[in-house]
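> For reference, the sequence and a predicted model appear below.
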Amino acid sequence: MLKKILVVDNHPVMLKLLAQLLQKKGYQVLTAENGLSALDILRTETLDAIFTDLIMPNINGEKLCQMIRRIPKFKDVILVVFSAVAAEQKVDVTSFGANACIAKGPINEMSKHILSVLDQFDQAPSTSLSDRILGIENIHPRQITKELLSVKRHFEVVLRSMSEGILETTPEGRIVYANPAAISLINIPEDKLLGSNLTTLLPKREHRSIEDLLISTDTQPHVVIKDFPLMIDGKQISLSLSPISDEKGKTVIVILNDVSERKRMEAQLLQAQKMEAIGTLAGGIAHDFNNLLMVIQGYVSLMLLEIASSHPHYDMLKNIENKVQSGSKLTSQLLGYARKGRYEVRPIHLNSLIEETSEAFGRTRKEITIQRELADNLFLIEADQGQIEQVLMNLMVNAADAMPYGGDLFLKTANATHEEMRSKFYVPKPGRYVMLSVRDTGIGMDSKTLEHIFEPFFTTKELGKGTGLGLASVYGIVKGHDGYIDVESRLGYGTTFKIYLPASDKKTPERTKTANTVIKGTGTILLVDDEDSVLDIGQRFLKFMDYEVLTARSGNEAIEIYQKYHTSIDLVILDMIMPRMGGGEVFDHLKKINPNVKVLLSSGYSINNEAAKLLEKGCSAFIQKPFDIKQLSQSVHDILKK
Amino acid sequence: MNLKERAENLEMEEGEFVEMTDLFVRTCLSDLMKLQSAIEKRETLHVAKYAHSIKGAAVNLGFMVILDAAKKMEMDARDNRLDDAAEMVQKIKEEVDLIAETLAKYQVS
C-alpha cells in the first residue's frame, strides 16, 4: 500500500481537490505550490509518489521531474504529470523522467485516472503507463497551443545559446532557472544549482553585499557590479541584477559574465605601464649613475695600475672597484626587470656561457656542487650576452641562498619545441626553443611565496641581504627576449626554474673574451664624450695602452676633428647620449666622411635599443659604462685587429 | 444553480464541493482583479496567464460558462487580441457572482 504522496500545483483549488481526494483514500498527502517548495520537501521527506503540474512559476514541472529523478532516493518514485498542454501535444513525459501524464479536466474524471494509476503501481511497481495519456479523450488539440509551445521552445533555444550566464532567482536569492552558460560558469550540476541560494556560490565575504543587492533590486530598476568581479569557481565573474515583475510578484534576473580574460588583459596593461615607468626611471638613473660610476671606476683602475698589491691602499681600492660593480649591477637589474637594457643582441651559444658563468660562480660558493648536463648540438639563441649572464647569475645566487649549508645545483640545457612547453600559464609561440633548467636541492618555497617571486622588491631574504630585484629582472629579461619561464618548488625539496628562449637560425658567433690584463696597442683614437671627467678617464686609459688620443666634447666637435684627421684616426669611441647631437647622428656624419669608419659605442644606457640599431647600421662594437681599463683594452684591441 | 446536483456530477460530497467552490470563488475574484489590471495595461502575456489559471480551476469543478470565457480570453490574448477581453471578464464576473450568491444562500440555509 502506498503511503506518502506529494502534490505540486500552483493553483490552490487543484491542490486542495487532490489533497482531499487522496487523503480520503488513505494516503498521507503533502502539498507544494511551486517547484521551489517541492524541492524543500524533497530534501527532508521520503515519498512514494509525486503528482506535479507542468506549467508553474519558478521551476516548471519538466525541470522538477528531471531534478527528482537525479535524487537517488527518488529514482523509483512514481512520478505523474498533470497537464492539458502535454496531453494535447502528446509530449513524451518519460523523456524527463515521469511515469505517466494525466490531462487536466473535470475532477471526477481526473480522480478516476489518478486512482487507477496509483492502483496499478501499487499492484505492480514496475508498470509503465508512458504509452498513453490518461484523460486525452476530453482534450481537443488547438493550433494556438502548438504555436505557443513553438515560441516557448524558440526562447529556450535563445537562452541556451547565449554566451552570458543567465540565472533567475527569487527575491530571496533562490535560483529557479539557469541557462547552460551559467551552469558551465558556476560549474555546479543543474539539479544542485536549482533551489540553492545565489549567495552560497560566492565567497563568504560577498554574502552580505549580494543580499543587500537583492534587497535593493526591490527599489532600484537595475544594479550592475562590473568593476568588482566576484570569484566563482576560480573565474572572475561580473554580475548584473535586474528585477522583473510578473503576476506572482518579483523575480531577479542575474546575468553572469566571465571577465577573467578582460581582467587578465587589464592587469597585463597595468603591468606594462608599470614596467614602462620603471624602465624610464631606471633608464634615467642608469645613464647618469653609470657615468658617475665610470669616473670612480676609472680613477680606481688607474690607481690600481700604479700601485703594487702590497700597498696599504690596494685592498681598499679593490673594495671600491667591487662596490662600483655592485652599483652598476643594481641599474642592470632594474633595466632587466623593465625589459630594457638589451644593447647587443647577437647569436650566443648558451652552453659556453653557462660553463663560464657557473665556473666563476662555483669559485665564490665552494659549499655548492654544480652539476652540468648540457645538451650536444644545442640551438643558438639571439640575446644580449650581458643580460643572459645576469639571468644565470641571479638564478645561481638564488639557488645557493636556498642551500645555506651547501647542496647540489643542477644546470641543464636541451633543445625544445613549443609543443613540449606545456604550462597552464602561457601559450608559447610556435617554434624551436632552447631550454635552460636551474634546479637546487634547497629549502624550497611555499605556494604563497611562489605567487610573488617575480614581483620587484619582493624578497624573503633578511633586510639588507637582497634587493628583491634578482628574480624580477630574470623574468623581465626572459620576457624581453620573447622567452618563457616556469618555476616549480616544494618546501623542503628544492626549486626548479625552467627558461625557454627562442632558438636562432644564425651562424655560430665569435666569442667575446674579457682580458685579464691590459692589452696595449698602437694607433690614433678619437674619444667623444660630453662629460669632462669621463673624457679625462678615457684619455688616461688609452694613453696607458699606448694609443695616441684626440678628444671631442660634443658631436659637432667630433665631426670637425674627424673631417680634418680621418685618414690618421683608427677608431672613434663614441658616447651615445650627448646634448644637441647624440651618438647616432654623429655616427651618420662620420660614415659620410669615411664609410669604413670604426666606431666603438659607449654608454651608460641606450634608449629604445638604439645601441642595437647602430650596431646593425655598422658600428663595430658596444661597451657598457662603467668599464675598467682591461675591458676597454679588450674591446679596442678586438676592433683594431679586424 | 444547484450545488447538490453539481457535486453529484463530479462524484463529490456536497459539503466538499461547497468548500472547493468557495475556494474557487475567492481565488477567481483575486485573479479577476489582476486580469482587469493586466487588460488596462494591455499586458497580453499576463492576461493569458490569469485566464489560464481561472480556466484550469473552472474545468476541475465543471463551471463551463467560466471555462469557455476564460478559454476564449486566453486564446485571444495569446494572439495579442484583447478586443473581447473586457466582455469575457464581465461574463466570468457575473457567473462568479452567481456562484457566490448561491453559496451564500446555501450557507444560510
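Great, that's in hand. Since this is a predicted model, take the numbers as computed values, not measurements.
> Tell me how chain A divides into domains.
Using automatic domain parsing, the domain ranges for chain A come out as A:4-138, A:162-258, A:350-507, A:524-640.
> okay, now the closest residue to chain B within the stretch 451-600 of chain A: neighbour count?
The nearest approach of the stretch 451-600 of chain A to chain B comes at A:Glu451, 51.8 Å away (Cβ to the nearest Cβ). Every C-beta, even on glycine, is put in place using the N, C-alpha and C of the backbone. The tally of other residues near A:Glu451 (other Cβ atoms under 10 Å in any protein chain shown) stands at 11.
> three-state assignment of it?
Using DSSP: H, G, I helix; E, B strand; the rest coil, the structure places A:Glu451 in helix.
> Same check on the one 4 residues further on?
Secondary structure of A:Glu455, reduced to three states by three-state DSSP: coil.
> got a list of what it touches?
Contacts for A:Glu455 (Cβ atoms under 8 Å, 6 or more residues apart in numbering or on different chains) come out as A:Gly468, A:Ala472.
> Let me know the distance separating it from A:Met275.
Note on A:Glu455: its distance to A:Met275, by Cβ to Cβ, to the nearest Å, is 12 Å.
> who touches stretch B:2-9?
A:Asn108, B:Glu13, B:Glu14, B:Glu16, B:Phe17, B:Val18, B:Thr21, B:Leu61, B:Gly62, B:Thr102, B:Leu103, B:Tyr106.
> Can I have the buried ones of these as a PyMOL selection?
Entered in PyMOL, the line below selects the buried ones among the contacts of stretch B:2-9, by 16 or more other Cβ atoms under 10 Å in any protein chain shown:
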select buried, (chain A and resi 108) or (chain B and resi 16+17+18+21+61+62+102+103+106)
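> Check the contacts of stretch B:2-9 against A:Ser568 and report the nearest one.
B:Leu61 (120.8 Å; Cβ to Cβ).
> Any stretches of the stretch 501-642 of chain A with poor pLDDT?
A:508-515, A:606-608 (pLDDT under 70).
> swap in the stretch 151-300 of chain A?
A:151-153, A:216-229, A:245-249.
> Please, where are all the strands along it?
A:165-169, A:175-178, A:223-232, A:235-246, A:249-258 (DSSP state E, counting those that start in this stretch).
> Mind putting those strands into JSON lines with mean neighbour count?
Output for those, formatted as JSON lines (neighbours: other Cβ atoms under 10 Å in any protein chain shown):
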{"stretch": "strand A:165-169", "mean neighbour count": "21"}
{"stretch": "strand A:175-178", "mean neighbour count": "23"}
{"stretch": "strand A:223-232", "mean neighbour count": "14"}
{"stretch": "strand A:235-246", "mean neighbour count": "17"}
{"stretch": "strand A:249-258", "mean neighbour count": "18"}
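> In CSV, list those along with distance to A:Thr369.
As requested, these are exported to CSV (distance: least, Cβ to Cβ, whole Å):
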stretch, distance to A:Thr369
strand A:165-169, 55
strand A:175-178, 58
strand A:223-232, 44
strand A:235-246, 45
strand A:249-258, 49
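> Out of these, which is closest to A:Val391?
Closest among these, using Cβ to Cβ: strand A:235-246, at 32.1 Å.
> Pull up the pairing partners for the closest one, direction included.
Sheet neighbours of strand A:235-246, with direction, are listed as strand A:223-232 (antiparallel), strand A:249-258 (antiparallel) (DSSP bridges).
> relative orientation of the last one and strand A:165-169 in degrees?
Angle between the axes of strand A:249-258 and strand A:165-169 is 160 degrees (criterion: axes from the mean of the first three to the mean of the last three Cα atoms, to 10 degrees).
> starting at the chain centroid, how far to strand A:249-258?
Centroid displacement of strand A:249-258 relative to its chain, using Cα atoms, centre = their mean, to the nearest Å, is 30 Å.
> and the stretch 251-400 of chain A, which residues reach chain B?
Within the stretch 251-400 of chain A, not a single residue sits near chain B (Cβ under 8 Å from any Cβ of the partner chain).
> and the residue of the stretch 251-400 of chain A nearest chain B?
A:Thr251 (14.0 Å).
> Give me the distance between that residue and A:Ile232.
Counting by Cβ to Cβ, the separation of A:Thr251 from A:Ile232 is 21 Å.
> And A:Ser326, by the same measure?
A:Ser326 is 48 Å from A:Ile232, by Cβ to Cβ.
> Go ahead and confirm A:Tyr500 touches A:Gly431.
No: the pair A:Tyr500 and A:Gly431 fails to qualify as a contact (Cβ atoms under 8 Å) at a distance of 10.1 Å.
> who has more neighbours, these two?
Neighbour totals were compared for A:Tyr500 and A:Gly431, and A:Tyr500 leads with 28 against 11 (other Cβ under 10 Å).
> contacting residues around the more buried one?
With contacts taken as Cβ under 8 Å, 6+ apart, A:Tyr500 has the following neighbours: A:Ala416, A:Met421, A:Pro428, A:Tyr433, A:Val434, A:Met435, A:Leu436, A:Gly483, A:Tyr484, A:Ile485, A:Asp486.
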